[in-house]
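Q: everything below, folded, please.
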Amino acid sequence: MTKLNITVKTNTKMGMTVSDCYANAREALKQGDEDRARDLADFGIVQVASARGEGMSTDDTIDDVRLGLWLERFWYFLENNNLMLDE
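A: Numbers count the residues shown, from 1 in each chain. Okay, the predicted model is just below:
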């Protein structure tokens, strides 16, 4: 099992961990900013997908949470708050 504390640089020039993405998405939703909440959740999914692309498994951890659980959290967040984009 691989344990990784990953930070991805964003265009705001500050590091944002997967945990930050999730916390900030929840805060944005609480403030009524659904677009930002969706973008942050999507960015969290991209970070996890990037880690998977680098060879990590769903049982490996980022910020002490399994990758599989991060994916579930982000997807449920999007679905439960009606933030999924329609086709």
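Q: mean confidence for the helix ranked longest in the chain?
A: As assigned by DSSP state H, the longest helix anywhere in the chain is helix 34-53. Averaged across helix 34-53, pLDDT comes to 94.
Q: now that helix: buried residues?
A: Ala37, Arg38, Asp39, Leu40, Ala41, Asp42, Phe43, Gly44, Ile45, Gln47, Val48, Ala51 (16 or more other Cβ atoms under 10 Å). Quick note: C-beta positions are derived from backbone N, CA and C, even for glycine.
Q: check the gap between the second one and Val46 for me.
A: Spelled out, that is Arg38. With the distance defined as Cβ to Cβ, to the nearest Å, Arg38 ends up 13 Å from Val46.
Q: what do you get for the fourth one?
A: For Leu40, the distance to Val46 under the criterion Cβ to Cβ works out to 11 Å.
Q: list the contacts for Leu67?
A: Residues in contact with Leu67, defined by Cβ atoms under 8 Å, 6 or more residues apart in numbering, are Val48, Ala51, Arg52, Met56, Ser57, Thr58, Asp59, Asp60, Thr61.
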